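A.B. asks: need a 3D model of the sequence below.
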Amino acid sequence: MSSSEKRLSILGHVAELRKRLTRSVIAVSITTILSFIFYHQIFDILTYKSPFVKKIFDFLDYRFQLLTPPDVNLVFIDMTENIGTIMKISLVSGIILAMPYLTYELIMFVSPALTRREKRYVYLVLPWIALMFVAGVVFGYFIMLPPMFKFLLSFGSDIATPQIRIGNYVSIVTRLLLVVGLVFEMPVLLTFLARLGIVQAKWLAGKRRAAIIIAFIISAIITPTIDPINQTIVAAPLIILYEMSIWLAKLVQRQKVTKN
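C.D. replies: You can find the predicted model right below:
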């Protein structure tokens, strides 16, 4: 390929990237505006004050104190903190709502470099990516956050009365839910890589000890507490997800051998 052809190819990729990014920004803008319209309902969900969320807790009939919904009274001390937090909630919610379309644009951008078989695998993986992300958010919201808030609000409460800033609360909740949702996609990603032959189940099994250590490191990073209980609550599902990835990789390899 000559230098002029390479230049045209690069310019074509840049133009395609610009088109995909423009569409993605428009999509996020639309979903952010929609989220801003319903920011009050979204905020009620994040603070466990939504009637729908309360009905879910009542339906599950949680009998353990660690699993009761937290009761947090939020305050703001800066004049712009409240509106800034609302805008942040709207933006994060907009990105989450637009995630399927953003994933589609990403796949369309890289699709020319994929073979027909790889494209078929990508389309099969897409629903599972969305499903596992939702599963991670649900786990973080109902299982991880309530005991974490209980520990944070009760520890040292005899010394000072907690008054939580709205910006701090929203930052912690959104960060944890997004990270846990993304981490829950690990089995899908590793299974996809195993399907393409990039990773092997034997290799994943050999990295089990390192994966356990990394799981606790991740839990220590995303969990704003130092107690081992909350860190174990986060690390345990990560380890289970990794073991699930090994099992799925073995299953994929067996299917490939059977077909061959």
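
A.B. asks: and the nearest residue to Glu81 once chain neighbours are set aside, how many neighbours?
C.D. replies: In space, and not counting its chain neighbours, Glu81 is closest to Gly167: 5.1 Å by C-beta to C-beta, 6 or more residues apart in numbering. All C-beta atoms are positioned from the backbone trio N, CA, C, and that covers glycine. Using other C-beta atoms under 10 Å, Gly167 has 18 other residues around it.

A.B. asks: go on, the one 10 residues further on?
C.D. replies: For Leu177, the number of neighbouring residues by other C-beta under 10 Å comes to 22.

A.B. asks: please apply the same query to the one 5 residues further on.
C.D. replies: Leu182 is flanked by 15 other residues according to other C-beta under 10 Å.

A.B. asks: wait, it touches Ala135, no?
C.D. replies: No: when contacts are counted by C-beta atoms under 8 Å, Leu182 is not listed as touching Ala135 (11.7 Å).

A.B. asks: in which helix or strand would I find the most centrally placed residue in the chain?
C.D. replies: Closest residue to the average C-alpha location of the chain: Gly181 at 2.4 Å, with C-alpha atoms, centre = their mean. In this structure, Gly181 sits in helix 166-183 according to DSSP states H and E.

A.B. asks: need the nearest residue in space to the residue nearest to the centre of the chain, chain neighbours excluded.
C.D. replies: Gly136 (3.8 Å).

A.B. asks: try Tyr104
C.D. replies: Leu126 (7.9 Å).

A.B. asks: and that neighbour, how far from Lys150?
C.D. replies: 37 Å (C-beta to C-beta, to the nearest Å).

A.B. asks: neighbour-wise, which of the two wins?
C.D. replies: More crowded of Leu126 and Lys150, by other C-beta under 10 Å: Lys150, with 17 against 14.

A.B. asks: please identify which helix or strand holds that one.
C.D. replies: helix 145-154.

A.B. asks: buried stuff in that helix?
C.D. replies: 145-152 (16 or more other C-beta atoms under 10 Å).

A.B. asks: tell me the mean pLDDT for it?
C.D. replies: Averaging pLDDT along helix 145-154 yields 79.

A.B. asks: now swap in stretch 172-181 and tell me
C.D. replies: The average pLDDT for stretch 172-181 rounds to 85.

A.B. asks: buried residues of that stretch, list them for me.
C.D. replies: For stretch 172-181, by 16+ other C-beta under 10 Å, it's 172-174, 176-181.

A.B. asks: so Glu118 sits right up against Leu193, yeah?
C.D. replies: No: if you go by C-beta under 8 Å, Glu118 and Leu193 don't touch, sitting 11.3 Å apart.

A.B. asks: do a quick rundown of the strands in the stretch 151-260 of the chain.
C.D. replies: 164-165 (DSSP state E, counting those that start in this stretch).

A.B. asks: low-confidence ranges in it?
C.D. replies: Low-confidence segments of the stretch 151-260 of the chain (pLDDT under 70): 224-227, 256-260.

A.B. asks: let's see 80
C.D. replies: In the predicted model, the stretch 151-260 of the chain carries pLDDT under 80 at residues 151-158, 160-161, 196-197, 220-231, 233-234, 253-260.
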